[in-house]
Structures are given as C-alpha cells and as structure tokens.
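*Asks:* Quick one: sequence plus predicted model below, questions after.
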Amino acid sequence: MTTRSLEADGEGSRAVWLDRRTPPHVLTLVAIASLPALNMNIVLPSLPGLSVYYEADYAVVALAVSAYLGLTALLQLGIGPLSDRYGRRPVLLGGFAIFLAATAACLVAPTIEIFLACRFLQAFVIGGIVLSRAIVRDMVPMERAASMIGYVTMGMSVAPMIGPMFGGVLDEAFGWRAVFAFTFLFGIVVTALAWADLGETNRAKSGNFRAQFAAYPELATSRRFWGYSCTAAFTSGAFFALLGGGPWVATEILGMSPSALGLYFGLIALGYMFGNFLSGRYAVRMGIDTMMVFGGAITVFGVALAMTFFAVGIVHPLAFFGSILFVGLGNGLVLPSANAGMVSVRPNLAGSASGLGGALTIGAGAMLSAASGAVLTPETGPWLMLALMLASAVGGSCASLWVLRLERRRKAARG
C-alpha cells in the first residue's frame, strides 16, 4: 500500500473496520490511546486508601503516579525507534501484553514495594499514546495530522474524564483492587480490538535499529522540534503538577471523598475534550502555531483564576476545579498541534520524534508531579502546587510564541 493510499485511508475512504489489511479505524485509535490515558489517572482516588492499606506514607504511594510517569518517559525513548524499525503493530501489542500481566499482578501484590514494581511495569501501555500519534502521521500529512490527532484525543479524553469518577465509585464500593480489575478487563478488550483492526501503517521501516537512535541528534538540532516539544512539555506540566498534588489538596483542604474527587476531576477532562474538539475543527484553518498560542494563554488564565479564588478565601471544590477546567481546555487546544508539529519536523522519523517528544513531555510531567506531591503540607496549603502549575503554564506559552516566531521567519526566508 502506498503512502498516498494510506492518506486516503486516513480520510476514511478506504479504511475497513476490523480489517488488518487497511489502516485502523479512528475508533480503534481512540481505544488504543484511551487505555494508557485511563491507566494514568484512574488510580488517583485510591491513593489515600492504598496508603492506609499498605501502611505507607502518602509520598511513597504517590510514586504510583510520579515514578510511573517517569518510566513512561523513558520507555517512549525506545518505543518510538522500535516502531520505526519493526512496525507499529508488533511493538504496540507487545507493550499491551506486558501491561496486562502487570495489572493482574497488582491485584495480588502483598507489599507496597511489590505493588509499585507491578505498577511501574504497567507503564509499557504508554505505547498506545506514542504510536497512535505516529500512526496518524503515517496516514495523513501534517496539516491534517493536527486535526485528526485532535479528534482522536477528543475521544480519548473520555477515559480520563470518567476514569477518576468511576475509580472513586469502585474504590468506595469494593476497595482499590476493583479499580485494577476493571483496568485489566478494559485492557483485554482494547488489546483484542487492536489485534483485529490495527493494520501496519509503517511502510518505510528502517533497516538498522541502531540508525533509529542515531536519528535523535538530527531531531535535537531542530529548533522547531524543540519548540513544539517544550510547548507540549510545559503546557501539560501544569496538569501533571495537579496530578501529583491535587488528591492531597482535595482530601486535606477541600475535605472531598474519593468519589467526589473523581467527579470533580471529570471537569478537567471535560475541558480537555472540548479543547480537542476545537483543535479538530479549527487547526487546519487557524494553523497549529496560532492554535498553540491561544491554548497556552487559556492554560495560564485557568491557573491564575484558581490562585485568585484561594487568595480571596473562596475555598470550594467547584471554585478550584472549575478554574482548572480551563487548564484542561488549554491543554486540549495545545497538545494536538504540538504533537502534530513534533512528528512532522522529520516525517521519516515520526516514531522516533513521537517517542523523544513524548519522553520530554512525560519526563517533565513526572518531575513536576513528584515535586508537587512532595512539597504540599498543611502549613503551605495549595500554594506551592499552584506556583508550580503557573510557572509551567507560562513556560508553555513562551515556547509557543517562540515557535510562532520561528515559523514566521522560515516563511519570510522562503519569500
């Protein structure tokens, strides 16, 4: 199948549902990306309960989020090049198989150390996000990639939207193990769907795996790649800082139950889903660089609004999470365009670019998540977490403006 026919499939003219001879249906891509998104945050309402069950400090249990994110960052450095060398399909299915085994092991882990080890092995599921971006870029050109990634991410955002809500309900009704049992069952369904529908989209596999890692310096010398990657890393960093400290703020300051925490976390995902819808609809018309600038400004506004409410003494879940909804909206506007940009700087290295860019994004997020969870105390309240979120959001806005400037210079040089 030629690149041209793949792009036609991406527009829906030739793709056949559950036919591996054609590129995957958009719903399959949504499911593939949803599994790692769900696994990332469905555990959030259970962190306080895990701390009690294993008689461990919250900072240790919080590694189930922060260290997990760090490992997903490292894994992406290998997943991208592996998929460029051996194909998207075998790498994705292999990662999902490891994820399923690790999830089952979490259910019977006798100590916090073994539980965390199993949780870390779950990180192999991150291939669903990395490779869904690369698959889209295999199928369509950059201008349509931002739009298609936006629609895929919009559908994917349903998982993190309902994940904490459903996780909170399961935790209250049946305990934390029910959360992992549900994740395991959902993982089986998604893996079966990928097996049946995911055709190989990488029709230009590299002949040498070592050459794929050698391609990283080529990406690293591209200012546009760094601009897109920094935009994604810093903008999403505001959200990751919330993941690390948000459950503590919700429980200790706002007095929320696990189910209430999950419900209010859905507001963030709702904003994220709407932002991705706008990206899917307007990215081609506005251009990915302009879309990133608007999204960055909205992210900064959301954090600043939350800080304002706390400063004037309005301490209420709706005030806090309603403000953070704008962080989700801004991320939804920024990330599809930033991801499309980073995998389009060198189209022949889409998998490597997706892996490296994703590693930078998740790596920064892991550090912010760990820092946010570590600095929160009853004395400091939410302020250090909010300060980290604001600094990260401002960094993302600056990076998007830099990319816009680089693109204008590039166009001017072309005449």
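*Replies:* In hand now; what should we look at?

*Asks:* which intervals of the stretch 101-250 of the chain have sub-threshold pLDDT?
*Replies:* By pLDDT under 70, the low-scoring segments of the stretch 101-250 of the chain are 140-146, 150, 153-158, 160-161, 204-216.

*Asks:* Show me where it has its helices.
*Replies:* Per DSSP state H, counting those that start in this stretch, the stretch 101-250 of the chain carries helices over the ranges 112-121, 127-139, 142-156, 158-174, 176-197, 209-214, 216-220, 223-248.

*Asks:* likewise the stretch 251-400 of the chain?
*Replies:* Going by DSSP H, counting those that start in this stretch, the stretch 251-400 of the chain shows helices at 258-286, 288-311, 317-342, 350-375, 383-414.

*Asks:* average pLDDT for the shortest one?
*Replies:* For helix 288-311, the mean per-residue pLDDT is 94.

*Asks:* thinking again about what came up before, can you tell which of the helices of the stretch 251-400 of the chain is closest to Ala59?
*Replies:* Ala59 sits nearest to helix 350-375 of all the helices of the stretch 251-400 of the chain, at 6.0 Å, using Cβ to Cβ. C-beta coordinates here come from the backbone N, C-alpha and C atoms, glycine included.

*Asks:* other SSEs contacting that closest one?
*Replies:* Counting by 3 or more Cβ pairs under 8 Å, 6 or more residues apart in numbering; DSSP states H and E, the packing neighbours recorded for helix 350-375 are helix 58-61, helix 63-86, helix 127-139, helix 216-220, helix 223-248, helix 317-342, helix 383-414.

*Asks:* how distant is it from the center of its chain?
*Replies:* Centroid displacement of helix 350-375 relative to its chain, using Cα atoms, centre = their mean, to the nearest Å, is 9 Å.

*Asks:* Deepest-packed of the helices of the stretch 101-250 of the chain, please.
*Replies:* Mean neighbour count (mean count of other Cβ atoms under 10 Å) peaks for helix 127-139 among these, with a mean of 29.

*Asks:* Please find the angle between the direction vectors of that helix and helix 317-342.
*Replies:* 40 degrees (axes from the mean of the first three to the mean of the last three Cα atoms, to 10 degrees).

*Asks:* rewinding a little: please tabulate the helices and strands packed on helix 350-375 in TSV, including the columns distance to Val189.
*Replies:* What follows is the helices and strands packed on helix 350-375, written out as TSV (distance: least, Cβ to Cβ, whole Å):
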stretch	distance to Val189
helix 58-61	28
helix 63-86	21
helix 127-139	13
helix 216-220	35
helix 223-248	25
helix 317-342	25
helix 383-414	34
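
*Asks:* Tell me which of the helices of the stretch 101-250 of the chain lies nearest to Ala413.
*Replies:* The nearest among the helices of the stretch 101-250 of the chain, by Cβ to Cβ, is helix 223-248 at 13.1 Å.

*Asks:* would a markdown table of the helices of the stretch 251-400 of the chain with mean neighbour count and distance to Leu75 be doable?
*Replies:* Output for those, formatted as a markdown table (neighbours: other Cβ atoms under 10 Å; distance: least, Cβ to Cβ, whole Å):
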| stretch | mean neighbour count | distance to Leu75 |
| --- | --- | --- |
| helix 258-286 | 22 | 23 |
| helix 288-311 | 22 | 26 |
| helix 317-342 | 26 | 17 |
| helix 350-375 | 25 | 8 |
| helix 383-414 | 18 | 22 |
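
*Asks:* nearest to Asp19, of those helices?
*Replies:* Smallest distance to Asp19 across those (Cβ to Cβ): 22.9 Å, for helix 350-375.

*Asks:* related to what we said a few turns ago, tell me which of the helices of the stretch 251-400 of the chain sits nearest to Ile42.
*Replies:* Taking those one by one with Cβ to Cβ, helix 258-286 is closest: 8.6 Å.

*Asks:* so how far is the closest one from its chain's centroid?
*Replies:* So, by Cα atoms, centre = their mean, the centroid of helix 258-286 is 12 Å from its chain's centroid.

*Asks:* now the helices of the stretch 101-250 of the chain as CSV including distance to Ala283?
*Replies:* Output for the helices of the stretch 101-250 of the chain, formatted as CSV (distance: least, Cβ to Cβ, whole Å):
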stretch, distance to Ala283
helix 112-121, 35
helix 127-139, 12
helix 142-156, 4
helix 158-174, 20
helix 176-197, 25
helix 209-214, 28
helix 216-220, 22
helix 223-248, 13
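
*Asks:* who wins for proximity to Gly330 among those?
*Replies:* So among these, helix 223-248 is nearest, using Cβ to Cβ, at 6.7 Å.

*Asks:* From the chain's centroid, how far away is the closest one?
*Replies:* Offset of helix 223-248 from its chain centre (Cα atoms, centre = their mean): 10 Å.

*Asks:* quick one, it and helix 288-311 angle?
*Replies:* Using the same axes, to 10 degrees: helix 223-248 against helix 288-311 is 30 degrees.

*Asks:* Show me what helix 223-248 is packed against.
*Replies:* Against helix 223-248 (3+ Cβ pairs under 8 Å, 6+ apart) you get helix 63-86, helix 258-286, helix 288-311, helix 317-342, helix 350-375, helix 383-414.

*Asks:* Please repeat the previous calculation with a cut-off of 6 Å.
*Replies:* On a contact count with 3 or more Cβ pairs under 6 Å, 6 or more residues apart in numbering; DSSP states H and E, helix 223-248 meets helix 288-311, helix 317-342, helix 350-375, helix 383-414.
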